[in-house]
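>>> Let me see the structure of the following:
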Amino acid sequence: MMRTTLLAAVATGALALAPVASAKPGKRSFERTYPYASALCAKNASGHTPKRLAASVNEVATACATLKTSFTNAQNTYTTTVAPLEAQAKATVAAAHSNCRKAPDRVACRTARHDARVTLKGLRRQVTTAGWAYHDSVDAARQAFWTTIRGLKGGSSLKPDAKVGPSPETTLPNV
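Numbering: from 1, shown residues only. Presented below is the predicted three-dimensional model:
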């Protein structure tokens with residue numbers, strides 16, 4: 001009986017975590033992007049600041065607020081940069097398909113598809129550049145946070161977050 005209950009609990013937990021594990025990097029939560037920093041911030045917010053940092057509660061709270069704001073700004077900037085590019089890519093593909101349906105011959109269709117591919121290549125470059133900017137911004141925020149925390153009395157012994165993972169992925173359609 002206990003074995004069945006344990007298996008059911010494990011299966012339920014795995015199902016609950018599946019959407020989080022499959023999330024795209026650009027859609028990652030604050031907690032997944034900065035696991036150690038978010039744990040420290042949560043402890044500080046709940047009044048359970050590590051004893052070594054007990055004298056620096058306000059400084060930790062300020063550093064946490066700055067990190068959260070920087071993370072949110074990076075995500076918003078990426079989203080507002082990429083959303084119009086995705087819309088433009090979809091419109092380009094739709095126009096190419098429409099032109100091919102209306103084309104009087106194969107040459108006109110090939111030309112429309114070639115032009116669409118050239119446009120999509122440029123859009124992909126812009127998405128890649130936005131991903132690099134996102135990654136750089138999130139990583140700079142991580143470094144600034146840990147520089148602040150490690151500068152506090154008792155903060156040098158805390159384990160910092162590793163370098164931020166991959167840049168966000170945005171998939172543009174193909175012709």
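
>>> got a pLDDT number for the residue sitting furthest away from the middle of the chain?
Going by Cα atoms, centre = their mean, the residue of the chain most distant from its centre is P104, 44.8 Å out. As predicted, P104 sits at a pLDDT of 84.

>>> And C100, by the same measure?
90.

>>> Would you mind identifying the helix or strand in this structure with the lowest mean pLDDT?
helix 2-21 (a mean of 40; mean pLDDT, DSSP states H and E).

>>> Next secondary structure after that one?
helix 30-33 (DSSP states H and E).

>>> Identify each buried residue in that next one, please.
Under the neighbour-count criterion of 16 or more other Cβ atoms under 10 Å, helix 30-33 has T33 buried. (C-beta placed from N, C-alpha, C; glycine too.)

>>> so what does it touch, helix or strand wise?
When contacts are defined as 3 or more Cβ pairs under 8 Å, 6 or more residues apart in numbering; DSSP states H and E, helix 30-33 sits against helix 57-102.

>>> ok, back up a step: the residue farthest from the centre of the chain and T111: what is the separation?
12 Å (Cβ to Cβ, to the nearest Å).

>>> ok, now A42?
From A42 across to T111, the span is 57 Å (Cβ to Cβ).

>>> repeat for S98
Counting by Cβ to Cβ - S98 and T111 are separated by 14 Å.

>>> and what of S29?
Taken as Cβ to Cβ, the span from S29 to T111 is 45 Å.

>>> go on, P35?
From P35 to T111 the distance is 51 Å (Cβ to Cβ).

>>> Which strand or helix spans N174?
Per DSSP H and E, there is no helix or strand for N174.

>>> can you tell me which residues contact it?
For N174, the contact set (Cβ atoms under 8 Å, 6 or more residues apart in numbering) comprises V93, L120.

>>> where does it fall, phi/psi-wise?
phi -110, psi 160 (degrees, to the nearest 10).

>>> Now do it against P35, distance only.
If you go by Cβ to Cβ, the gap between N174 and P35 works out to 35 Å.

>>> now do S46
On the measure of Cβ to Cβ, S46 and P35 end up 17 Å apart.

>>> which one of those two has more residues nearby?
With neighbours defined as other Cβ atoms under 10 Å, S46 and P35 compare such that P35 has more, 13 against 8.

>>> Contact partners for the more buried one?
Here P35 is in contact with D161 (criterion: Cβ under 8 Å, 6+ apart).

>>> For it, give its distance to R117.
40 Å.
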